[in-house]
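Novice: only geometry, no sequence info:
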C-alpha cells in the first residue's frame, strides 16, 4: 500500500513515520523546500522523542520519502492524508485555507480513484467543503474520476506521540462509503492487532469527536484549577482533594492536576473553534466559555504570588524560570503559560533568567533579547531573587536543593506545577508557594490583561 501525507509538521511527520514503520510506502509532501531538504538530511523541525531515529530508519529502508511535488506523490497512492495547519482566525474560528488548497491540488492532479482523508483538526462540516473543492477541480479538467473523502482525527499527545500512534486508545474514522471503510480498515490493521479499536462513524460525528475530546480534557483542567484556587482561600489542600476525587472511577485521576493553565497547539485553539462553531449555529456553549475564561485567569496566578511576595514591587528583581514549553517532552511554546507569566514579569519591571531543556530556541522567537537564556538549570539561579517552576520536566523533580539555596538570593520557590512537597520544602528552609495550598501570600486579582499579552 502507498499513501501520501500532505503537510510535514507535527501531525504529518508522526503519521508518516509511524505508517512507514509498519511497512507502508509513504510520501510526505510539503510546500516548504527548505524543510523538505532538511528532512532528507534527517533534520526534523520539531522535538519529539524517538521521531528523528524513526524517520532516519525508514528513509534508509526506502519506505519514507519527502518531496514538494504533490503531482508525483499522488501517482499510485491509495490514500491521501491532509495534515496541514488550521490556525485560528481573529474570531477564534479555524482557518481552512491550507486544507482547501490541498483539496484543490488533489483535484488538479489525481488520475485514479483516491481517498482523501482529513487528519488536520477541522470544524464540523469541513468534509463537504473538501469534497466540493475536489469536485470543482475535476470539473475544470472535464474528467469524471471517483473519489471519497473521510475524517480521521489525530489524538496525539506531544512528547508521547509515537506511542499514541502505534498503540492507540482508539482510532476514530468518519466515512461515507464501504470502499473508503475497507481501505482504512486495511491501512490501520497493524495497529489494531492487539485489540485497539477502530470506531467508524459518519464524517460529521468524527469531526465533532476531535473537538469534543479536547474540550472535555480542557474542562477537567480548568475545573481542577478553579477548585485549587478555592482551596487556597478556605484552607484545603488541593493535592488531597485531587486524590480524593480522582479515585472515583467516574472522574478518574487524569487531567486533574492543578497548575498554571493549559497551553499548546490544541486545547486553546480547539476550545475557541468549538465556541465559534456553536455561535455560528446560534448556540451558546456556556461551559466552554467558562473553561476558557478560567484558563486565561489561571495564567496570572503564579505571577500574582510572586508580586505579592515582593509587596507589589518587582522593579530590579531577578526571577529565575525553570521550564518554558507548555508541557514536558516538547519544545512547543504555543499558548504556553510561560508566555503570559514572563510577559507580566517584564511589564512589572523584573528581569528574567530562563532555562528549558529543549525550548530555548523557541523562546528566543518570542522574547528575543528581553530575557536571558541558560543551558544549565543551576546557572540560571545565580544572583536570582527567586525561582519559578513553570514546566514539570523530569530533571526538575528532584533537584539539588543545597545548590539552589546557595545560589538564590532568597529561599523563595514558586512552583506552578506542584511537583515538590510543601512539608519537605519547609523542612529544607524554603519559602514555598504552589497552586491550591494556602500560603501567607494573599490572593490578588491579575494586574494585567493576560489575554492581551498573549
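Specialist: Perfect, thanks for sending it. All figures in this text were calculated on a predicted structure; none of them were measured in a lab.

Novice: in which helix or strand would I find the residue lying closest to residue 50 once chain neighbours are set aside?
Specialist: In space, residue 50 comes closest to residue 162 once its chain neighbours are excluded; the distance is 5.0 Å by CB to CB, 6 or more residues apart in numbering. From N, CA and C alone the C-beta is placed, and that goes for glycine too. When elements are defined using DSSP states H and E, residue 162 is found to belong to helix 161-166.

Novice: Pull out the buried positions in that helix.
Specialist: Of the residues in helix 161-166, those buried under the neighbour-count criterion (16 or more other CB atoms under 10 Å) are 161, 162, 164, 165, 166.

Novice: and if you look at stretch 116-134?
Specialist: Judged by neighbour count (16+ other CB under 10 Å), stretch 116-134 contains these buried residues: 116-124, 126-127, 129-131, 133-134.

Novice: Export the buried residues of helix 161-166 to JSON lines and append columns for pLDDT and distance to residue 410.
Specialist: Listed next are the buried residues of helix 161-166 as JSON lines, based on pLDDT from 0 to 100; distance: CB to CB, whole Å:
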{"residue": "161", "pLDDT": "93", "distance to residue 410": "39"}
{"residue": "162", "pLDDT": "95", "distance to residue 410": "42"}
{"residue": "164", "pLDDT": "93", "distance to residue 410": "41"}
{"residue": "165", "pLDDT": "94", "distance to residue 410": "45"}
{"residue": "166", "pLDDT": "93", "distance to residue 410": "47"}
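
Novice: From these, pick the one nearest residue 178.
Specialist: Checking the buried residues of helix 161-166 against residue 178 with CB to CB, the nearest one is residue 165 at 25.5 Å.

Novice: number of nearby residues for residue 248?
Specialist: Here the number of neighbours of residue 248 (other CB atoms under 10 Å) works out to 9.

Novice: Same question for residue 427.
Specialist: When counting by other CB under 10 Å, one arrives at 9 neighbours for residue 427.

Novice: returning to what we had before: roughly how far is the helix holding residue 162 from the heart of the chain?
Specialist: 15 Å (CA atoms, centre = their mean, to the nearest Å).

Novice: And stretch 336-349, by the same measure?
Specialist: Average the C-alpha atoms of stretch 336-349, do the same for its chain, and the two points are 20 Å apart (CA atoms, centre = their mean).

Novice: Please spell out which residues along it are buried.
Specialist: By neighbour count with 16+ other CB under 10 Å, stretch 336-349 contains the buried residues 336, 337, 338, 339, 340, 341, 342, 343, 344, 345, 346, 348.

Novice: Can you spell out which helices and strands pack onto the helix holding residue 162?
Specialist: In terms of contacts (3 or more CB pairs under 8 Å, 6 or more residues apart in numbering; DSSP states H and E), helix 161-166 is packed against helix 10-21, helix 51-60.

Novice: quick one: contacts of that helix?
Specialist: Helix 161-166 is contacted from outside by 10, 14-15, 17-18, 21, 48-51, 54, 155-157, 191, using CB atoms under 8 Å, 6 or more residues apart in numbering.

Novice: The helix or strand just after it packs against which elements?
Specialist: Stepping forward along the backbone from helix 161-166, the first helix or strand reached (DSSP H and E) is strand 171-174. Strand 171-174 sits against strand 147-151, strand 198-201, helix 203-234, with contacts defined as 3+ CB pairs under 8 Å, 6+ apart.

Novice: which residues are contacting strand 171-174?
Specialist: 127, 150-153, 155, 181, 184, 188, 191-192, 196-207, 209-210.

Novice: Centre of the chain to that strand, how far?
Specialist: Distance, centroid of strand 171-174 to centroid of chain: 20 Å (CA atoms, centre = their mean).

Novice: Which helix or strand lies directly C-terminal to that strand?
Specialist: helix 178-187.

Novice: and the closest residue to residue 432 other than its chain neighbours, how far is that from residue 30?
Specialist: Once its chain neighbours are removed from consideration, residue 432 has its nearest residue in residue 425; the separation is 3.7 Å (CB to CB, 6+ apart). Spatial separation of residue 425 from residue 30 under the definition CB to CB, to the nearest Å is 47 Å.

Novice: More neighbours: which of those two?
Specialist: residue 30 (23 against 18).

Novice: Next, work out how far apart the more buried one and residue 384 are.
Specialist: Between residue 30 and residue 384 the computed distance is 41 Å (CB to CB).

Novice: got any ranges where the chain has weak pLDDT?
Specialist: Under the criterion of pLDDT under 70, the regions of the chain flagged as low confidence span 92, 440-454.

Novice: quick one, domains of it?
Specialist: Following the assignment in automatic domain parsing, the chain carries domains at 2-201, 208-454.

Novice: can you give me the helices in the stretch 251-400 of the chain?
Specialist: If DSSP state H, counting those that start in this stretch is used as the criterion, the helices of the stretch 251-400 of the chain fall at 267-280, 286-298, 301-309, 337-347, 360-367.

Novice: Out of the ones you listed, the one nearest residue 433 is which?
Specialist: Across the helices of the stretch 251-400 of the chain, residue 433 has its closest neighbour in helix 301-309 (4.9 Å, CB to CB).

Novice: so how far is that closest one from its chain's centroid?
Specialist: Taking mean C-alpha positions (CA atoms, centre = their mean), helix 301-309 and its chain are 26 Å apart.

Novice: quick one: buried residues of it?
Specialist: Buried residues in helix 301-309, defined by neighbour count with 16+ other CB under 10 Å: 301, 302, 303, 304, 305, 306, 307, 308, 309.

Novice: Which other helices and strands does that helix contact?
Specialist: Helix 301-309 sits against helix 337-347, strand 386-389, strand 412-415, strand 431-433, with contacts defined as 3+ CB pairs under 8 Å, 6+ apart.

Novice: out of these, which comes closest to residue 296?
Specialist: Using CB to CB as the measure, helix 337-347 is the one of the helices and strands packed on helix 301-309 that comes nearest residue 296, at 8.2 Å.
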